[in-house]
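**Student:** starting from these lines, generate the structure:
(6 chains)
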4 protein chains.
Amino acid sequence: MSPRNIERDLQVREARINQILNSAIETIAIKGIGSVSINDIAAAANVSIGNVYHYFKSKDEIFAEILRRGQTDYGQHVASLAGSEGNAREKLSLLCESWLAIDNNWAYTILIHTARLSDASSEETRRAVTSRFTNNLEPVAAIMEQGQREGLLVGGSPLELAYYFVSLIQGLTLQRMPGNEVPIRARAESIVALFTVDR
Amino acid sequence: MSPRNIERDLQVREARINQILNSAIETIAIKGIGSVSINDIAAAANVSIGNVYHYFKSKDEIFAEILRRGQTDYGQHVASLAGSEGNAREKLSLLCESWLAIDNNWAYTILIHTARLSDASSEETRRAVTSRFTNNLEPVAAIMEQGQREGLLVGGSPLELAYYFVSLIQGLTLQRMPGNEVPIRARAESIVALFTVDR
Amino acid sequence: MSPRNIERDLQVREARINQILNSAIETIAIKGIGSVSINDIAAAANVSIGNVYHYFKSKDEIFAEILRRGQTDYGQHVASLAGSEGNAREKLSLLCESWLAIDNNWAYTILIHTARLSDASSEETRRAVTSRFTNNLEPVAAIMEQGQREGLLVGGSPLELAYYFVSLIQGLTLQRMPGNEVPIRARAESIVALFTVDR
Amino acid sequence: MSPRNIERDLQVREARINQILNSAIETIAIKGIGSVSINDIAAAANVSIGNVYHYFKSKDEIFAEILRRGQTDYGQHVASLAGSEGNAREKLSLLCESWLAIDNNWAYTILIHTARLSDASSEETRRAVTSRFTNNLEPVAAIMEQGQREGLLVGGSPLELAYYFVSLIQGLTLQRMPGNEVPIRARAESIVALFTVDR
DNA sequence: TATGAATGAGGCTTCATTCAT
DNA sequence: AATGAATGAAGCCTCATTCAT
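**Tutor:** Just a heads-up that it's a prediction; the model follows:
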């Protein structure tokens, strides 16, 4: 029937989708969420506008997919961290450092919050984002609990602590948006210290 | 009735400006930063579009003015708190509680970050926002320093601690946007505990 | 409050709406339903695109309003005809002639049928169009009934006859679209003869 | 299995073309003339877009071919009817019933009229459609003439009567578009009665 | 013959801003 | 001071058509 190599087609398709999403997140990092247009995204991906719409139904779908991937990847990262060898303080440090090391994170963070806003995206997208956010707290809470058992981290509800930790990280991340010149550097060590018991 | 004089005119003007700005922040809280239009703002203030432009040069100026007022009010609040009687832990608690009590805060917070994005507003607005943000850290840093002197709060650079505190508060605030159903409540007590030494 | 003449404003508004709608129906008559764009409509009305949207929510609303007016006007026309002096055959003749005399009618007719098509307009528009169409059959049916009482018109269900009459008129109207060169002229006399008993 | 030869290739080609055209008319019946896209047509025919273009030069050609076949088939039908045994009234009844029986007819009818509109199709297509329409009137006119000779049908120019008959049928057909709920059923008997002399 | 990725012009719609009254 | 009509640029999205495989 088809004189085309289906498997190769799928690979190309996947590659193109990645290409669009990856350059989109970069473009957002430069232009900012509110100003980024499909035009920008297409240009950054070296692809025509029409072709972007060949792979995505709408701008919202692009945002939603970026978020899905970002949150899923982060979830896997933090879950594997929670399940790995080492004490809770070390894990928290690693988590902290990996966040602070990624330049793009502010874009994900702003995207997460923007996507939640009423008109900015569909009800479904919002639900999915919030649900993943909540799920991703679990491994952090597990680390908190481990730290409490080890006597390394401060007491209190582990989930609540995780909530504070993630909020702090996200709050810091937002300070790193382009154009922002707050003359203070966040240091993983000091942040983890807030949650550490021995001092 | 009362003859128009300059003073009364200014009062009316001021009242109208307040009316527009106050309903604007509410409208932003509902529509979302990115979707709100001058039309929405005018309608919410029960004022014509043209009249909005009579009081403000541009949409950016409205945003900028909301931010200026919000940040200035907050700055005065936190400065007076820093200068007031009481120990640092109590002050931090009050600061925390006052933030968590205000429903609109997420809108200010998102507005602050949006306004900083390159294309979203003028260079001048961005500089002003960031500058006020940095200035407003000072009183918090002063409270941190006081707390360290009192032996109540954890050690480290007071400014850096203030930075973390504010970031945490802002991060939490963002979780309270409409449509958000994170099933965890932030409690001032637990937050302050992170910065407290006696445990 | 307002230094504008409200009444005059309303008059201007009404005039502008008429101007847009009237030139729109003309433009449709030239360009054809399927090809007419908001751009065409705006240009024909000597008005900017944005201003068209100041008066109408969407292209569909323009179509819907044209239809509402066209069907309402026709309904009043035919109702007043049905209630007027004269025998049924004369009334039918007048009705026929007035339809055949109006050059634009094909556009209304195509518009009526296009508006009924699933994707072409909203459920609400479609219902309204069909409902008005059905209502407008009544006066024609009344004429048929009068004609039967007078012994001038053929027998059968008056409503059904009205349905045939209107369908015939519409079918003929469609033959008169631009680009159409069917070398036959419809004549009111012959059409009415089909519904006449004495021959 | 069976060796490919030219004849078989042609058969396959013809089969594919039929498959596309048949599902296209169905799709038009659902989506509506103005909204149907090549994509819809390809999907309905279970064929790729590219393959549609392998068999047809353009969307206009598909429409034109549907019309050519529809009008030609109808022409043959009505011509054979005109040449068959039986009196004119019976022939008119059969013609009427066969039209009313076919669910798709409204789509053809709308298509015929749409295709005639200036911008909707090429000059050539329009000429062909109108020409076939006019030609197809001849057999109907012949039936009218026969009926007049037989003393069964009303007097007047046979071609003009044929024109009215077909317009009436088409007008009725349009009332049967999807979404249409005109609560009146057309009955062949009553329609033919309008053209019948004995009453 | 068959596929579907790719293109880009064009259509609809929104919105900040201006201006006559 | 107040109104809202008017403008037009810009954004989102669709779709007929082409082309490499």
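
**Student:** name the residues of the helix or strand where A:Glu138 lies that are buried.
**Tutor:** When elements are assigned from DSSP states H and E, A:Glu138 belongs to helix A:123-149. Of the residues in helix A:123-149, A:125-126, A:128-130, A:132-133, A:136-148 count as buried by neighbour count, 16 or more other C-beta atoms under 10 Å in any protein chain shown. In short, each C-beta sits where N, CA and C put it, glycine included.

**Student:** also stretch A:36-52?
**Tutor:** Judged by neighbour count using 16+ other C-beta under 10 Å, the buried positions of stretch A:36-52 are A:36, A:40-42, A:44-45, A:47, A:52.

**Student:** so which of those residues reach DNA strand E?
**Tutor:** Among the buried residues of stretch A:36-52, proximity to DNA strand E is found for A:Val47 (C-beta under 7 Å from any atom of the strand).

**Student:** okay, the buried residues of stretch A:36-52 in JSON lines with pLDDT, secondary structure and distance to chain B next?
**Tutor:** Shown next, in JSON lines, are these (pLDDT from 0 to 100; DSSP: H, G, I helix; E, B strand; the rest coil; distance: C-beta to the nearest C-beta, whole Å):
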{"residue": "A:Val36", "pLDDT": "90", "secondary structure": "coil", "distance to chain B": "9"}
{"residue": "A:Asp40", "pLDDT": "95", "secondary structure": "helix", "distance to chain B": "10"}
{"residue": "A:Ile41", "pLDDT": "96", "secondary structure": "helix", "distance to chain B": "14"}
{"residue": "A:Ala42", "pLDDT": "96", "secondary structure": "helix", "distance to chain B": "17"}
{"residue": "A:Ala44", "pLDDT": "95", "secondary structure": "helix", "distance to chain B": "15"}
{"residue": "A:Ala45", "pLDDT": "96", "secondary structure": "coil", "distance to chain B": "19"}
{"residue": "A:Val47", "pLDDT": "96", "secondary structure": "coil", "distance to chain B": "22"}
{"residue": "A:Val52", "pLDDT": "97", "secondary structure": "helix", "distance to chain B": "20"}
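
**Student:** just put the buried residues of stretch A:36-52 in CSV and tack on distance to B:Lys57.
**Tutor:** Compiled in CSV, these are given as follows (distance: C-beta to C-beta, whole Å):
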residue, distance to B:Lys57
A:Val36, 26
A:Asp40, 27
A:Ile41, 31
A:Ala42, 34
A:Ala44, 33
A:Ala45, 37
A:Val47, 39
A:Val52, 36
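
**Student:** just give me the residue closest to the centre of chain A.
**Tutor:** With distances taken as C-alpha atoms, centre = their mean, the residue of chain A nearest its centroid is A:Gly70 (4.3 Å).

**Student:** looking at chain A, which helix or strand is least sure?
**Tutor:** None of the helices or strands of chain A scores lower by mean pLDDT, DSSP states H and E than helix A:105-116, at a mean of 82.

**Student:** is DNA strand F within reach of that one?
**Tutor:** No: shown here: helix A:105-116 not in contact with DNA strand F (C-beta under 7 Å from any atom of the strand), separated by at least 12.9 Å.

**Student:** my read is that A:Ser93 contacts A:Ser190, right?
**Tutor:** No: shown here, A:Ser93 and A:Ser190 do not form a contact pair, counting by C-beta atoms under 8 Å, at 10.8 Å.

**Student:** and A:Ala101, how many neighbours does it have?
**Tutor:** Counted with other C-beta atoms under 10 Å in any protein chain shown, residues neighbouring A:Ala101 total 9.

**Student:** how far off centre is stretch A:15-33?
**Tutor:** Counting by C-alpha atoms, centre = their mean, to the nearest Å, stretch A:15-33 is centred 14 Å from the centre of its parent chain.

**Student:** in it, what counts as buried?
**Tutor:** By neighbour count with 16+ other C-beta under 10 Å, stretch A:15-33 contains the buried residues A:16, A:20-21, A:23-29, A:31-33.

**Student:** tell me where chain A has helices.
**Tutor:** With helices called from DSSP state H, chain A shows them at A:6-31, A:38-44, A:49-55, A:59-83, A:88-101, A:105-116, A:123-149, A:158-174, A:188-194.

**Student:** now stretch A:82-91: average pLDDT?
**Tutor:** What stretch A:82-91 shows for mean pLDDT is 96.

**Student:** next, the distance between the ends of that stretch.
**Tutor:** Its start and end residues considered, stretch A:82-91 measures 7 Å (C-alpha to C-alpha, to the nearest Å).

**Student:** tell me which residues in it are buried?
**Tutor:** Under 16+ other C-beta under 10 Å, the buried positions of stretch A:82-91 are A:82, A:88-91.

**Student:** show me which pair in the buried residues of stretch A:36-52 is furthest apart.
**Tutor:** Pairwise distances across those peak at 14.9 Å for A:Val36 and A:Val47 (criterion: C-beta to C-beta).

**Student:** could you list the low-pLDDT ranges of chain A?
**Tutor:** A:1-3, A:118-120, A:179-181, A:198-199 (pLDDT under 70).

**Student:** what's the domain layout of chain A?
**Tutor:** Split into domains by automatic domain parsing, chain A comes to A:1-56, A:60-194.

**Student:** what about the shortest one, near DNA strand F?
**Tutor:** Looking back up the chat, that one is domain A:1-56. Yes: Domain A:1-56 is in contact with DNA strand F by C-beta under 7 Å from any atom of the strand, via A:3-5, A:36-39, A:49-50, A:53-54.

**Student:** got the contact list for stretch A:127-134?
**Tutor:** Residues from elsewhere that reach stretch A:127-134 (C-beta atoms under 8 Å, 6 or more residues apart in numbering or on different chains): A:64, A:67-68, A:71-72, A:75, A:112, A:115-116, B:179-183.

**Student:** and what of stretch A:189-199?
**Tutor:** So stretch A:189-199 is in contact with A:89, A:92-93, A:96, A:144, A:147, A:151-155, A:161, A:165, A:168-169, A:172, B:154-157, B:160-161, B:164, B:194-195, B:197, B:199, going by C-beta under 8 Å, 6+ apart.

**Student:** wait, A:Ser167 sits on B:Leu172?
**Tutor:** Yes: with contacts counted by C-beta under 8 Å, A:Ser167 reaches B:Leu172, the gap being 4.5 Å.

**Student:** name the residue in those two with the higher neighbour count.
**Tutor:** Using other C-beta under 10 Å, the more surrounded residue of A:Ser167 and B:Leu172 is B:Leu172, with 27 against 23.

**Student:** I'd like the distance between the closest residue to DNA strand E within chain A and D:Val52.
**Tutor:** Closest contact between chain A and DNA strand E, by C-beta to the nearest atom of the strand, is at A:Gly50 (1.6 Å). As judged by C-beta to C-beta, to the nearest Å, A:Gly50 and D:Val52 stand 18 Å apart.
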